[in-house]
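> Return a 3D structure for these sequence lines:
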Amino acid sequence: MGTEFMPIVFVHGWGGVSDLFRDFDDHDERDPYIGWNDGHRYNDPDGWVKLRETPNYEGMVFRLVKDYHYYDVANDESLTRLTELRAAYPAPIPAGMPYHAPEKTLWIFRYYEYNADHLQLSQAVHTALRHELQARGYDGPLTGIPYYAALLALMIRRIAGETCYTLEELCPGALPTATGLGLQKVALVGHSMGGLIARFAIQYDLFGAQEYVGKLATFATPHGGARYAVASRLLRWLPGLKQDDVMFLDPAWVNTYLGGQDPRAFHKPLPASLTERDVFCLIGTRHEGYFPVARRLPRTDGIVHQEEAYLRGFPYAYFYQTHSGIFGIRENLAPYEALRRFLFGDLHVKIQVESVRFSATAHHANARDRFFFRYGIKPRGINIYLNEISEVCENQPQPRTLAALQEAVTAGRYVVYDGFADSAALIPIAGMQMPGVAAERAEVPHLQIEHRSYLYNAFVGGMPVGSNYTMVPLTAGVSHVNLGDQEFDFTLAVSVTHR
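Reported below is the predicted structural model:
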């Protein structure tokens, strides 16, 4: 099956501290991409000596244009210029060339532009949006997430539908009579509150949006609410402050109106068309290097707690990145590498520990000793993690005795990777000459699993007692891979299915 391309719509998050005072700050005015094209010089996570050029991460929009020849629709949302460019090429345009398909387009949903400081929507439009929300089962105020979700749904309909609505003619009960772009499906990529906006548009099927959403990825989204972010509501008594979007991050609101982290069980669920292969949550784990107060919020990305940032029953992955900024989850290479495998990869990969036992060379084979482990999943040839479970990420499982470890493994609770890969993403020949890859398997995509074992110590936390790595070939079906170190022998179950 070939790569399925679809328009990508980016939905940004809450406006930040400045939004406590007004709807749209100076930074937003200067940045037409609202952070989606911020990049960062790549820093090797392990401090390896580079054997090749150190890559830069230029930003998500630029990378998608560069890597996949996507077309940035900024200043061309009618796609008039794209149509002209396509017509200038000899027909048909070869696959992989620029302007090959109108589906390969990038969109930014700038919902703050619809606030009072900027674009003024008519009373008739407000009435129509309120009517749509009420008809779909939401009877709250026309503000924040529901308001933005209704506007996002109109955008989705215009991009993907054969027919759509226009703001100029929108009124309660109106039918979609305008001509849409007809691109069939979109992929929604939401950061922080943007992920909740996307969920609301889908779950409430606003303006029929469900039919047109093919994939949903969320970055640092508080699917269970953001317990720390809502503390800023305590400042509402100060002069000049207003009730704004942060109220919609309250766990009580998210659970009441979106079903929290279990949307399949909610009365307005995610549709069955969005399976575990179509939804992906990327979770930040770094609070150091973010705002000073965030450094005191353990197991967070500086704002969102790790336990709030995933959806039950759908794949998710951890990254040592902050909520945003120089170490941000949108602004760095590793999350992008995971996202592009989700958007364009044809393999769903799940790796979990199937069995664990002391090795023959174990020096700490004491039934009372407790252990924990670190896992890092890398694509072959690229020194970044597609998922990291470690002490520094504060997400490693609690220390357990061997008997307790075996119980957890039997219960299926030791998943080390649940994500995506691309069978066509083979690296250059020079990169294939790596330890752990048999010559006859060199043309098969691999993941590299790094593993370390620690003996728990109440004074120092963990004492390293073993380490190793293995290359896992990604062949369809379920395979069993042995991974051992100086202290333990493990068997991993590797499930690879085509999407």
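> show me where pLDDT drops low in the stretch 301-450 of the chain?
Along the stretch 301-450 of the chain, the model assigns pLDDT under 70 to residues 425-444.
> 90 - rerun?
325-326, 361, 363-367, 379-384, 396-398, 411-413, 422-446 (pLDDT under 90).
> quick one: the strands in it?
316-319, 347-358, 371-379, 387-389, 415-421, 446-457 (DSSP state E, counting those that start in this stretch).
> Quick check: which helices or strands does the fourth one pack against?
Where contact means 3 or more CB pairs under 8 Å, 6 or more residues apart in numbering; DSSP states H and E, strand 387-389 is packed against strand 316-319, strand 371-379, strand 415-421. C-beta here means a position set from N, CA and C on the backbone, and glycine is covered the same way.
> how about those in a markdown table, adding distance to residue 99 and mean neighbour count?
Shown next, in a markdown table, are these (distance: least, CB to CB, whole Å; neighbours: other CB atoms under 10 Å):
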| stretch | distance to residue 99 | mean neighbour count |
| --- | --- | --- |
| strand 316-319 | 32 | 24 |
| strand 371-379 | 28 | 22 |
| strand 415-421 | 26 | 21 |
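> got those as JSON lines, with distance to residue 345 columns?
Listed next are those as JSON lines, based on distance: least, CB to CB, whole Å:
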{"stretch": "strand 316-319", "distance to residue 345": "13"}
{"stretch": "strand 371-379", "distance to residue 345": "10"}
{"stretch": "strand 415-421", "distance to residue 345": "4"}
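> And residue 198, its phi and psi?
Reported as degrees, to the nearest 10, the phi and psi values for residue 198 are phi -60, psi -40.
> before we move on, which element is residue 255 in?
Here residue 255 sits within helix 251-258, counting by DSSP states H and E.
> what angle separates the following helix or strand past that helix from strand 347-358?
On the C-terminal side of helix 251-258, the nearest following helix or strand under DSSP H and E is strand 279-284. Put simply, strand 279-284 runs at 60 degrees to strand 347-358, going by axes from the mean of the first three to the mean of the last three CA atoms, to 10 degrees.
> Parallel or antiparallel, list what pairs with strand 279-284.
Sheet partners assigned to strand 279-284 using DSSP bridges are listed as strand 213-219 (parallel), strand 316-319 (parallel).
> pull the CA atoms of that strand into PDB?
In PDB, the C-alpha atoms belonging to strand 279-284 read as follows (Å, rounded to 0.1, in the frame of the first residue of the first chain):
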ATOM      1  CA  VAL A 279      -4.900   8.500  16.600                       C
ATOM      2  CA  PHE A 280      -1.500   9.300  18.200                       C
ATOM      3  CA  CYS A 281      -0.600  11.200  21.400                       C
ATOM      4  CA  LEU A 282       2.900  12.700  21.800                       C
ATOM      5  CA  ILE A 283       3.700  13.400  25.500                       C
ATOM      6  CA  GLY A 284       6.400  15.800  26.800                       C
END
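> tilt between that strand and strand 415-421?
Following the same axes, to 10 degrees, one obtains 120 degrees for the angle between strand 279-284 and strand 415-421.
> now strand 279-284, how far from the chain's geometric center?
4 Å (CA atoms, centre = their mean, to the nearest Å).
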